[in-house]
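In: Just need the structure, nothing else, for what follows:
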Amino acid sequence: MTYLPVNKNGLISLKKLEESIQKNTVLVSIMYVNNEIGIIQPIEKIGHILKKIKSHRGHNDLPLYFHSDATQALSYFDCSLEKLSLDLLTFSGHKIYGPKGIGALIAKKGTFLQAILSGGEHEWGKRSGTLNVPGIVGLGEAVKIAYKERQTKVEFIKNLRDYFIKKVIQEIENVKLNGSRKKRTPNNANFSFKGVEGESLLTLLDQKGIAVSTGSACASGKTRSSYVQLAIGNTHLEAHSSIRFTLGKYLTKKDINYTVNELKKAVDKLRQMSNGIINYKF
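Out: Okay, the predicted model is just below:
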């Protein structure tokens, strides 16, 4: 197994990706949009690279499959397997305003899949167990709505996101936006606040009705630094001072102004408590 590094913006190198493909490489799995810092990987370009490599493999060689986790991408980007040259794509319902506890794996025809839960014939023999029919129906409807609203909602959320980032940087000192500003999903803003402990900031904001997160929800309960933050070159202190804000389609500019106002007060309060840790800038 090969793990690809990322640069300070959170992006992989296409050259390193291509160089890492060996004759025995059977699967390339790249997250479309990072769930913590919102960085968009060039999935379509990766797909073209892998398509070229596949074309040089013979009938007796191992297959090469391309998978992407599109959980954070489905509401904002084209996830067509054909367009992206994907063999496998996964996503989850709760990120597109669908039910929790339901997701999907889309597989291109002819892609080999082996069951990991045996004993029944559900999902064409690929997954045993009672089907979550309400969840499946809800997921299908959520996908339809997400595709229908994509054109109108993406620009709206992106404009709110840009407004939010601008206000935070202008009104709060010693703050750092984590990851690329350009190659970022429309709904994500991840900041590190110097001299502020992320969990403490989360608690203060939660008391004001503002829901944020530190690190990834998948790693909740773990106190160690986010590996995503460390991978882009942040220090352990910067990683522990990071907060993720995600914007939704029901937000307004009034909500953004309220959030920035409460965020500023919370950061000031925590910095005063930290006895002048922030005497230097990023």
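In: Show the backbone phi and psi for Leu201.
Out: Per-residue torsions, Leu201: phi -60, psi -40 (degrees, to the nearest 10).
In: wait, what's in contact with it?
Out: Phe193, Val212, Ser241, Ile243, Leu263, Ala266, Val267, Leu270 (C-beta atoms under 8 Å, 6 or more residues apart in numbering). Where you see a C-beta, it was placed from the backbone N, CA and C, and this is true even at glycine.
In: rerun that using 6 Å as the cut-off
Out: Leu201 makes contact with Ile243, Ala266 under the criterion C-beta atoms under 6 Å, 6 or more residues apart in numbering.
In: Could you shift the numbering so residue one becomes 750, and keep it that way?
Out: Got it, the first residue is 750 from now on, which makes the last one we talked about Leu950.
In: measure it to Val977 for me?
Out: Per C-beta to C-beta, to the nearest Å, Leu950 is found 18 Å from Val977.
In: And for Gly842?
Out: 23 Å.
In: So which bits of stretch 812-823 are buried?
Out: Using 16 or more other C-beta atoms under 10 Å as the test for burial, stretch 812-823 gives Leu813, Tyr814, Phe815, His816, Ser817, Asp818, Ala819, Thr820, Gln821, Ala822, Leu823.
In: thought the first one was touching His805?
Out: The reference is to Leu813. No - counting by C-beta atoms under 6 Å, Leu813 does not reach His805; the two are 10.1 Å apart.
In: so where do the strands sit in this structure?
Out: Listed in chain order, the strands of the chain (DSSP state E) span 776-778, 814-818, 837-841, 852-856, 924-926, 937-942, 991-995.
In: Of all those, which one comes closest to Glu904?
Out: strand 937-942 (15.4 Å; C-beta to C-beta).
In: partner strands of that closest one, parallel or antiparallel?
Out: Using DSSP bridges, the strands paired with strand 937-942 are strand 924-926 (antiparallel), strand 991-995 (antiparallel).
In: looking at the strands of the chain, which is buried most?
Out: Of all the strands of the chain, strand 937-942 carries the top mean neighbour count, a mean of 24, counting by mean count of other C-beta atoms under 10 Å.
In: for the record, mean pLDDT for that one?
Out: For strand 937-942, the mean pLDDT works out to 97.
In: what does it rub up against?
Out: Residues contacting strand 937-942 (C-beta under 6 Å, 6+ apart): 786-787, 910, 913-914, 924-927, 987, 990-995, 1016.
In: distance between that strand and the chain's centre?
Out: Taking C-alpha atoms, centre = their mean, to the nearest Å, one finds the center of strand 937-942 at 13 Å from the center of the full chain.
In: can you check stretch 771-789 too?
Out: With C-alpha atoms, centre = their mean, you get 11 Å for stretch 771-789.
In: residues in contact with that stretch?
Out: Contacts of stretch 771-789 (C-beta under 6 Å, 6+ apart): 759, 790, 792, 795, 811, 814-819, 821-822, 927-929, 932-934, 937, 939, 965, 977, 993.
In: domain ranges for the chain?
Out: 763-892, 899-1022 (automatic domain parsing).
In: Let me have those in a markdown table, extended by distance to Val755.
Out: Conversion of those to a markdown table gives the following (distance: least, C-beta to C-beta, whole Å):
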| stretch | distance to Val755 |
| --- | --- |
| domain 763-892 | 8 |
| domain 899-1022 | 5 |
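In: Count residues in the vicinity of His843, would you?
Out: His843: 14 surrounding residues under other C-beta atoms under 10 Å.
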